[in-house]
Each structure stands twice: as structure tokens, then as C-alpha cells.
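**Q** sequence first, predicted coordinates after that:
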Amino acid sequence: MTNRTLQLDDNLYRYLLDNSLRESDAAKKLRAETASLPKGRMQIAPEQGQFIALLARLIGARRTLEIGVFTGYSSLCVAEALPDDGLIVACDIDRDWTDIARRHWQQAGVADKIDLRLAPALDTLDALLAEGGQNSFDLAFIDADKQRYQDYYERCLQLVRPGGVILLDNVLWSGRVADPEERAPNTRALRALNSALKDDPRIWLSLLPLGDGMTIAMKR
């Protein structure tokens, strides 16, 4: 027995997936296509997609935000979990990647739940705030350019309702955040963010070693 998080070797990780992953055929197809792409490693792990979808169900999410879409796997997982009148406002700037996402959303029958906005995410978030969107979203998932995470987080904290949840991906950054010799800009940005969130009185917090590290922040 252990009182700390297990390290997963390949056999234990396969066991985890074999005994917990409930992935739709649509999600499997999207994940397989993305894995064949040159930047396929940017996609979240399937157990992360399932976790986010379950969290959306747990909090009764109807309106969600996604900062960073890539090929749309996380959007698809959440859209499948939302009610028929649910909505995801999805922010990205890359038309090529999101064209793949659109195709799979359409095939999965969830495209009408996803409002894709191709623009810098801060512009989209600021526009939502200007339209009076404060406290109107239930969940936000941030998985985009790391040096702007703090800016995305601050906007999402305004847009998410009290009791709503903000998720931030890659916060352990393959362990580089714990290496004081690592001074790359992305690593420094994530390290500063993690430190700031730990002491942020506006949220309840948990940082999980899920995927590349995922922070769960619930707005007070």
C-alpha cells in the first residue's frame, strides 16, 4: 500500500484504460486520427476527456468554455455530456486543426452544441465579458498557449459562476515545473501560475497528476 500517487507503467496504464474508459465510437475515431498527425501528442489523454465529461455531469453544466480546441477531442467529450440545449464556446485560432474538429463533431451529432470562435482567445473572452457574460458559464477548460494561462484564468474566473469549475491542463509540464534549472518561458509561466493559484482565496483548489497535470479550481 502507498499513501502517495502511484506512478503508472505501461501495464498499469493499460489496466486503467481497460477497466474505466468508456469512449464513444466518435471519440475513438477522432483520437485515432489525431494520433496519426505530426502534433498528435497535443491531444489530451482519453482518461482526461472522460474525467472532464464526468465533472460536467456532476456539476450539471449547461454552458462551458474551452480555450484551445486543437482537433476537438475534449470538446467532443464534453458535448456528449451536455444536455440537448447545452453549449460550448470553443476558442482557437487554427482553422486547419479545427476543420478536423468540425468534421468529427458533425459526424458525432454534437456540432450544434459547439460555438467555435476562430480568434485570439482573449478577444473572445473579453467580448463575452463586454456582452455581460459574467457568472454565466458552468465550466471552463484551458489548454492553450501556456504563457497566457494567467490571463485566460482571470477572464474565466469572471465568466464562470460561483460553484463553477475551471480546469487547466499541462500544469506539471512533464515534471519541468519542479526543476529549478528549467527556465524556459512556458515552464516559468506555469510555475508562476501554480504558485499563484495555491494562494488564491477566490477558489477551492486541487492539482491532480492526471495526464500532464490538471488543476481543478472551483469558484467560491
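**A** Thanks, I have it.
**Q** and the longest strand anywhere in the chain, how far from the chain's centre?
**A** For the chain, the longest strand by residue count, based on DSSP state E, is strand 160-169. Offset of strand 160-169 from its chain centre (Cα atoms, centre = their mean, to the nearest Å): 11 Å.
**Q** could you point out the helix or strand that follows it?
**A** With elements assigned by DSSP states H and E, the helix or strand that comes after strand 160-169 is helix 185-198.
**Q** and that following helix, what other elements does it pack with?
**A** helix 149-159, strand 203-208, strand 214-219 (3 or more Cβ pairs under 8 Å, 6 or more residues apart in numbering; DSSP states H and E). Any C-beta I mention is one placed from the backbone N, CA and C, and that applies to glycine too.
**Q** across the sheet, point out what pairs with residue 88.
**A** residue 64, residue 114 (DSSP bridges).
**Q** re earlier: just checking: what are the partner strands of the longest strand of the chain?
**A** strand 137-142 (parallel), strand 214-219 (antiparallel).
**Q** dump the ones you listed to a markdown table, plus mean neighbour count.
**A** Below are the strands paired with strand 160-169 laid out as a markdown table (neighbours: other Cβ atoms under 10 Å):
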| stretch | mean neighbour count |
| --- | --- |
| strand 137-142 | 26 |
| strand 214-219 | 21 |
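**Q** out of these, nearest to residue 78?
**A** With Cβ to Cβ, the closest approach to residue 78 among the strands paired with strand 160-169 belongs to strand 137-142: 7.4 Å.
**Q** off-centre distance for that closest one?
**A** Taking Cα atoms, centre = their mean, one finds strand 137-142 lying 8 Å from the centre of the chain it belongs to.
**Q** surely residue 142 meets residue 166?
**A** Yes: if you go by Cβ atoms under 8 Å, residue 142 and residue 166 touch, sitting 6.9 Å apart.
**Q** what's the overlap in contacts for those two?
**A** 153, 156 (Cβ atoms under 8 Å, 6 or more residues apart in numbering).
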